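Undergrad: Structural data only, the sequence is not supplied:
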Ligand SMILES: Nc1ncnc2c1ncn2[C@@H]1O[C@H](COP(=O)(O)OP(=O)(O)O)[C@@H](O)[C@H]1O
Ligand SMILES: O=C(O)C1=C[C@@H](OP(=O)(O)O)[C@@H](O)[C@H](O)C1
């Protein structure tokens, strides 16, 4: 009983750590999960090219699906792909989504993708890699396009297929969401409410930039990447709890931003939004 699925990374419009409303958009960088189930035995996880990665999230995803749809199976789950871990680009949501779908694939069970994302969110809560559950990131990665969610209720408030070029800067460091200073984020609640209003009105670029200013201040990330990009890009923000930044707009404008960001250490890459979301097989 083997299964396989892929899920995309995502960038942030509104970080949910302030008021539990969040918004994210899928980007075209992918992670694959491969699941092999056996009749019994333990469930063990592996992340390609690393030996010290925390595999509890993907193991818990397999466990929850087997508990619900299987018959006490054991097995292995392995993730591979290009999404850097703990870089603010939602590798945890992509890993959970791909693992949940790959396990459903192995069991030959059909299940709605939106609800499958909720199971990945439950797994993330169970193993403590999230603050709010991050249904914003999970839904964007699972469904593709842009989503706005209420993470307190795991409710989808809006889903739209946006098509943008996206510039990403990923510094060479990690920032785990579970270590974020939530109290500082809660202090900027009124700005997060403004971002939510702008996003609900479809003003995604401006929403994103206000989010970037507010969360860089709260989480003590530099505002330079925002200030230098703002007059070119339609929107620019810290992604999640960092350290990556994303800018959206048309390709020519983002090439200007790339020239400016070029002096920063780390990896700068151009991609696009992704509208298909996670896929089995
Ligand atoms: N490729 C992966 N395979 C398995 N687990 C992963 C993978 N990427 C992330 N995770 C899990 O998610 C945690 C990081 O989550 P988080 O800090 O939210 O980072 P991100 O912003 O990249 O989602 C890791 O400690 C690990 O438990
Ligand atoms: O753990 C959480 O509840 C969240 C983590 C953040 O993302 P990252 O995991 O990318 O830092 C944030 O953007 C999201 O809205 C909620």
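TA: Structure received. If you're wondering where the values come from, they're calculated on a predicted model, not measured in any experiment. Ligands and ions are numbered 1, 2, ... in the order given.

Undergrad: Where does pLDDT dip in the protein?
TA: For the chain, not a single residue meets the criterion pLDDT under 70.

Undergrad: Which strand runs longest in it?
TA: Identified as the longest strand of the chain according to DSSP state E is strand 21-38.

Undergrad: buried stuff in that one?
TA: 21-27, 29-37 (16 or more other CB atoms under 10 Å). Every residue, glycine included, has its C-beta placed from N, CA and C.

Undergrad: and ligand 1, which of these reach it?
TA: Contacts with ligand 1 within the buried residues of strand 21-38, counted by CB under 6 Å from any ligand atom: residue 31.

Undergrad: And the furthest pair within the buried residues of strand 21-38?
TA: 21 and 36 (38.3 Å; CB to CB).

Undergrad: what does the stretch 151-281 of the chain have sitting close to ligand 2?
TA: Near ligand 2, when you scan the stretch 151-281 of the chain using CB under 6 Å from any ligand atom, you find 177, 240, 241.

Undergrad: if we look at ligand 1, which of those residues are close to it?
TA: 177, 240.

Undergrad: By neighbour count, which of the residues of the stretch 151-281 of the chain next to ligand 2 wins?
TA: residue 240 (31 neighbours; other CB atoms under 10 Å).

Undergrad: Next, the contact list for the most centrally placed residue in the chain, please.
TA: For the chain, the residue nearest the mean C-alpha position is residue 90 (2.5 Å; CA atoms, centre = their mean). Counting by CB atoms under 8 Å, 6 or more residues apart in numbering, residue 90 makes contact with 9, 10, 11, 24, 83, 134, 137, 140, 141, 240.

Undergrad: Also residue 22?
TA: By CB under 8 Å, 6+ apart, the neighbours of residue 22 are 12, 14, 15, 16, 132, 134, 135, 136, 137, 148, 149, 151.

Undergrad: gap between the last one and ligand 1?
TA: Same thing as residue 151. Separation of residue 151 from ligand 1 (CB to the nearest ligand atom, to the nearest Å) stands at 13 Å.

Undergrad: Tell me if I'm right that that residue and residue 16 touch.
TA: Yes. Counting by CB atoms under 8 Å, residue 151 does reach residue 16; the two are 4.8 Å apart.

Undergrad: ok, back up a step: put together JSON lines for the residues of the stretch 151-281 of the chain next to ligand 2, with secondary structure on each row.
TA: Formatted as JSON lines, these follow (DSSP: H, G, I helix; E, B strand; the rest coil):
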{"residue": "177", "secondary structure": "helix"}
{"residue": "240", "secondary structure": "coil"}
{"residue": "241", "secondary structure": "coil"}
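
Undergrad: residues near residue 227, how many?
TA: 14.

Undergrad: again, but for the one 5 residues further on
TA: As a burial measure, the neighbour count of residue 232 was computed by other CB under 10 Å and equals 20.

Undergrad: where along the stretch 101-250 of the chain do the strands fall?
TA: 146-150, 155-160, 165-170, 235-238, 245-249 (DSSP state E, counting those that start in this stretch).

Undergrad: partners of the shortest one, with directions?
TA: Okay, so that is strand 235-238. strand 245-249 (antiparallel) (DSSP bridges).

Undergrad: just checking, next helix/strand downstream of the strand it pairs with?
TA: Downstream of strand 245-249, the first helix or strand assigned by DSSP states H and E is helix 251-261.

Undergrad: What's the first helix or strand after that next one?
TA: As assigned by DSSP H and E, the chain's next helix or strand after helix 251-261 is strand 267-272.

Undergrad: Which other helices and strands does that next one contact?
TA: Judged by 3 or more CB pairs under 8 Å, 6 or more residues apart in numbering; DSSP states H and E, the packing partners of strand 267-272 are strand 21-38, strand 165-170, helix 251-261.

Undergrad: Would you tell me which of those gets closest to residue 215?
TA: The nearest among those, by CB to CB, is strand 21-38 at 11.5 Å.

Undergrad: Can you name the next helix or strand after the closest one?
TA: Downstream of strand 21-38, the first helix or strand assigned by DSSP H and E is strand 43-47.

Undergrad: how about the next helix or strand after that following strand: buried residues?
TA: As assigned by DSSP H and E, the chain's next helix or strand after strand 43-47 is helix 56-69. Residues of helix 56-69 classed as buried: 56, 57, 58, 59, 60, 61, 62, 63, 64, 65, 66 (neighbour count, 16+ other CB under 10 Å).
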